[in-house]
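> sequence first, then the predicted structure, then my questions.
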Amino acid sequence: MKLTDTKYRSNNEIIQSILESLLRSERGEPHGKKGVVKSHLIKYSALKNATAEKYLVKMENAGYIISHPETWGEREIIIYEITPKGRERYEWFVKINTELEG
Amino acid sequence: MKKTENKTPSEDTNQDFSRLEKGGLNYVKQQRNYLIVSILYPVFSLVVQLVTLVLNNYLRSLPPDHRPPEFLFIDVLSPAIILFVISAFFLLNAAFLIRWKIYLDLYERLSKEGSAEPASPVDADAADKDLSSSASLTRLFYKIIKNMSTIKMLFFVLNFFLAYDFIWFISFFFFRVTAGSFPPKSSPLPPASFSLVQFLNILNEISMGFYLAYEWKHFYRWNKKLTLLKELEKTVNEEIGL
């Protein structure tokens, strides 16, 4: 099924928001610690769990983000990181918006 | 000694995002300035149309002996219509500007605090509406795109009214005034008042020309940007497989 421009836009708003959240979180880590806990990422991206899950899986499959489990006390948490491809897509998005006059 | 030579990858990332964010905020402010400039002409036009409307209403209220013989109802209706349309356009631009400023202030405040605002979970299908509850650069950009789409559509409609206004202006101030029926010779209105209104209307039409050229140039560039953005959105959608 062909998606409409509005749907493309809506999907992209969510994808770019997730990428931005990951980049923004990295900025706040001065000691080289990378990645964001999944629950925090969902919260900062302002998405419902089911929606975020769908996008995170697809973004990981596309190579935009990677995840790995870590232990935190007795619990296991999932950490997400942005990949160079994901960073490139976000930068592309920002550059189109900021560097072209209009 | 240059400190940048010993940067860690994390410092690179921090600087990369800060650079993107700085560029993004500059762009958002540029767009806000565009809105302010876009409001200048409608404000001037509002004043001119109001003065014209008052004058023409006054002429219409004169007894038949003092009223110009070719005075038409449309001479009151035209400035009234343009006044209404320009007011609506101005109010809408002003509303966008105020909403924009509130959202930008919120974003800048949250950015200084070090993180985006954690918002309540929302439904993806209602993302357009609910994502506004969280401040981020991405959402600021998409807000600009949505606002600009609305402004563009209204601007096209405004063009028709401005074209109508131009036709009326030529017909009223040049053909009929030149024909000698305005202002009526026996009118108690001082001739200088009519000359002032005529001058203001000429100035308004010249300003309108500049305003339209500015807006058309802006939307031409905007459309080129939207084309590139659509390409990116399509690429991302294909890669993600949505």
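It's in. Residues are numbered from 1 along each chain as shown, chains lettered A, B, ... in the order given.
> pLDDT weak spots in chain A?
Along chain A, the parts satisfying pLDDT under 70 run over A:1-7, A:27-33, A:100-102.
> buried stuff in the lengthiest helix in it?
Taking DSSP state H as the criterion, chain A has its longest helix at helix A:5-27. Neighbour counts over helix A:5-27 (16 or more other CB atoms under 10 Å in any protein chain shown) mark A:8-27 as buried. Where you see a C-beta, it was placed from the backbone N, CA and C, and this is true even at glycine.
> would you check that B:Tyr214 makes contact with B:Phe155?
No: B:Tyr214 is not in contact with B:Phe155 according to CB atoms under 8 Å; the separation is 11.1 Å.
> neighbour count winner among those two?
For B:Tyr214 versus B:Phe155, the count of surrounding residues by other CB atoms under 10 Å in any protein chain shown is larger for B:Phe155: 19 against 15.
> tally of neighbours for B:Ile74?
Number of residues near B:Ile74 (other CB under 10 Å) recorded here: 14.
> apart from its neighbours in sequence, what residue is nearest B:Tyr107?
Distances taken as CB to CB, 6 or more residues apart in numbering or on different chains put B:Ala135 closest to B:Tyr107, at 4.2 Å, once the chain neighbours are dropped.
> helix or strand: which one has the one you found?
Under DSSP states H and E, no helix or strand contains B:Ala135.
> next structured bit after the longest helix of chain A?
Beyond helix A:5-27 toward the C-terminal end (DSSP H and E), the next one is strand A:36-37.
> is that following strand anywhere near chain B?
No: residues of strand A:36-37 are not located near chain B by CB under 8 Å from any CB of the partner chain, the shortest gap being 10.7 Å.
> what packs against that strand?
helix A:5-27, strand A:75-82 (3 or more CB pairs under 8 Å, 6 or more residues apart in numbering or on different chains; DSSP states H and E).
> distance to B:Ser45 added to these, as JSON lines?
JSON lines is the format used below for the helices and strands packed on strand A:36-37 (distance: least, CB to CB, whole Å):
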{"stretch": "helix A:5-27", "distance to B:Ser45": "33"}
{"stretch": "strand A:75-82", "distance to B:Ser45": "49"}
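> among those, which is nearest B:Gly209?
helix A:5-27 (32.8 Å; CB to CB).
> how about the nearest residue to B:Leu154, chain neighbours excluded?
Nearest in space to B:Leu154, with sequence neighbours left out and distances taken as CB to CB, 6+ apart, is B:Phe89 at 6.1 Å.
> hang on, I meant B:Leu46
Per CB to CB, 6+ apart, closest to B:Leu46 is B:Ile86, 5.5 Å.
> element containing that neighbour, please.
For B:Ile86, the element it lies in under DSSP H and E is helix B:74-113.
> circling back: give me the common contacts of B:Tyr214 and B:Phe155.
Shared contacts of B:Tyr214 and B:Phe155 (CB atoms under 8 Å, 6 or more residues apart in numbering or on different chains): none.
> about what we covered before: nearest to chain B, out of the helices and strands packed on strand A:36-37?
helix A:5-27 (4.3 Å; CB to the nearest CB).
> what angle sits between the closest one and helix B:74-113?
Inter-element angle recorded for helix A:5-27 and helix B:74-113: 30 degrees (by axes from the mean of the first three to the mean of the last three CA atoms, to 10 degrees).
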